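Visitor: fold the following and give me the result.
(one chain, ligands or ions: 1)
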Amino acid sequence: MAETKFTPRVFSGIQPSGDLHLGNYLGAIKRFVEMQDAGTHETVYCMVDLHAITVWQDPAKLRRSTRELCAGFIASGIDPEKSILINQSQVPEHAQLGWVFNCVARMGWMGRMTQWKDKAGKNAEAASLGLFAYPALMAADILVYHATHVPVGEDQKQHLELTRDIAAKFNHDFGVDFFPLTEPVIEGAATRVMSLRDGTKKMSKSDPADASRINMTDDADTIAKKIRKAKTDPDPLPDAADALEARPDARNLVNIYAALAGITPQAVLDQHAGSLFGHFKVALADLAVDKMAPIAGEMARLMDDPAEIDRILGRGAERAREITVPILEQAYDIVGMIRS
Ligand code: TYM
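Guide: I've put the predicted structure just below:
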């Protein structure tokens, strides 16, 4: 399908399930800001609260985490005038198209999703139906904007492949050329930021060890302490990035440095080859504090005025619906629903 038929538009989302961390920032939010500032695409960024409730959420905490995520977006540089910033449940067309996609996607496709298998674990019978259908709603998030590009971390790749499968099946079943085959954008040094305690495990909010991640709300001292305590090995930094292949903890810290500094891992090694980790960690802690602590400060400031956050989200929803209402109308029409 010719991409030129569709307005260049970026969509991406993050779950407001608490504990935003450096992986979310480097793998997603920082990239969102770059794509916004490039000015080549319309940009729509979303707090996916409907996805968050696929597992139990305390209602008061969910409201707070949604506002905190909004504050995190803005503190990181998302400008609600330049981008459309929304909370998923406030734009009902996401859930409406999600239902249509529940009827397009196949059970077998969903059952193969590794995130479903990981999250449902051995007790799939007790998982919510929403958790199983999660990727169909994600496809709707993207396709209800006819989004052409979706920046995400590596763990979302399979969901984006499924989004393309759903778009292709819908187009094929109804004989239309209506939904774009969206391109995933998985780029840069930090598409998979690893745990600070174990370089073979993804940095994640579900890790019980707080020291395994840098939270976006951590203050300067906490950030520096976590980096000082990060797991490493006794060898000096090599002079070529290939030599980090078998050293996951070392590679993780080099990648984090590269992503924070906006340079390649090789450029980091050009500056630090031969350094021991005691030394390199000091430079990394300084850089991380420099980049992350002001964001935490700004998030706290924004959280002091929740009414302003709600106003921004209300305005975002209005702008979003200028795009989503006509697309949903057309999708319903294609499916055969009466529009009167
Ligand atoms: P979520 O909320 O788990 O994560 C949000 C974003 O952060 C990225 N990410 C990471 N990147 C690098 N290293 C890590 N350790 C790391 N951990 C998380 C994720 O890849 C993601 O980009 N299903 C999505 C939310 C979603 C969505 C969408 C995304 C719903 N609808 C539509 C894109 C488009 C999720 O659970 O992300």
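Visitor: can you classify the residue in the stretch 1-150 of the chain positioned nearest to the ligand as helix, strand or coil?
Guide: Closest contact between the stretch 1-150 of the chain and the ligand, by Cβ to the nearest ligand atom, is at Gly27 (2.1 Å). Placement of C-beta: from N, CA and C, glycine included. At Gly27, secondary structure determined by DSSP: H, G, I helix; E, B strand; the rest coil is helix.
Visitor: check contacts around it.
Guide: Contacts for Gly27 (Cβ atoms under 8 Å, 6 or more residues apart in numbering) come out as 152-154, 190-193.
Visitor: list buried residues within those.
Guide: Buried members of the contacts of Gly27, counted by 16 or more other Cβ atoms under 10 Å: 152-153, 190-193.
Visitor: which one among those residues gets closest to the ligand?
Guide: Checking those against the ligand by Cβ to the nearest ligand atom gives Gly153 as the nearest, at 2.4 Å.
Visitor: what's the nearest residue to the closest one if we skip its chain neighbours?
Guide: Nearest non-adjacent residue to Gly153, counting by Cβ to Cβ, 6 or more residues apart in numbering: Gly27, 3.3 Å away.
Visitor: kindly report the same for Ile86.
Guide: Nearest to Ile86 is Gly316, by Cβ to Cβ, 6+ apart, at 4.2 Å.
Visitor: do the same with Gln15
Guide: In this structure, Gln15 finds its nearest non-sequential neighbour in Ala52, 4.7 Å apart by Cβ to Cβ, 6+ apart.
Visitor: and what of Arg315?
Guide: Counting by Cβ to Cβ, 6+ apart, Arg315 lies nearest to Pro80, which is 7.1 Å off, once chain neighbours are set aside.
Visitor: quick one: the one you found is in a strand?
Guide: No. Under the criterion used here (three-state DSSP), Pro80 is coil, not part of a strand.
Visitor: isn't it up against Ala317?
Guide: No. With contact defined as Cβ atoms under 8 Å, Pro80 does not reach Ala317; the gap is 11.5 Å.
Visitor: beyond the lowest-mean-pLDDT helix or strand in the chain, next helix or strand please.
Guide: When each helix and strand of the chain is scored by mean pLDDT, DSSP states H and E, helix 114-120 comes last, with a mean of 94. Once the chain leaves helix 114-120, the next helix or strand it forms, by DSSP states H and E, is helix 129-143.
Visitor: and the contacts of stretch 289-309?
Guide: 22, 25, 67-68, 70-72, 74-76, 214, 216-220, 223-224, 260.
Visitor: now stretch 223-241
Guide: Residues outside stretch 223-241 that contact it (Cβ under 8 Å, 6+ apart): 196-199, 211, 213-214, 218, 244, 247, 249-250, 253-254, 264-266, 269-270, 272-277, 280-281, 284-285, 288-289, 292-293.
Visitor: mind checking which of those residues are buried?
Guide: Looks like those have 196-199, 213-214, 218, 244, 247, 249-250, 253-254, 265, 269, 272, 277, 280-281, 284-285, 288-289, 292-293 buried, using 16+ other Cβ under 10 Å.
Visitor: got a pLDDT number for the residue nearest to Arg315?
Guide: pLDDT for Pro80: 98.
Visitor: next up, the contacts around it.
Guide: 74, 312, 315-316.
Visitor: what's around the residue nearest to Leu131 when sequence neighbours are not counted, how many residues?
Guide: With Cβ to Cβ, 6+ apart as the criterion, Leu131 has its nearest non-adjacent residue at 4.2 Å, and that residue is Thr54. For Thr54, the count of nearby residues is 21 (other Cβ atoms under 10 Å).
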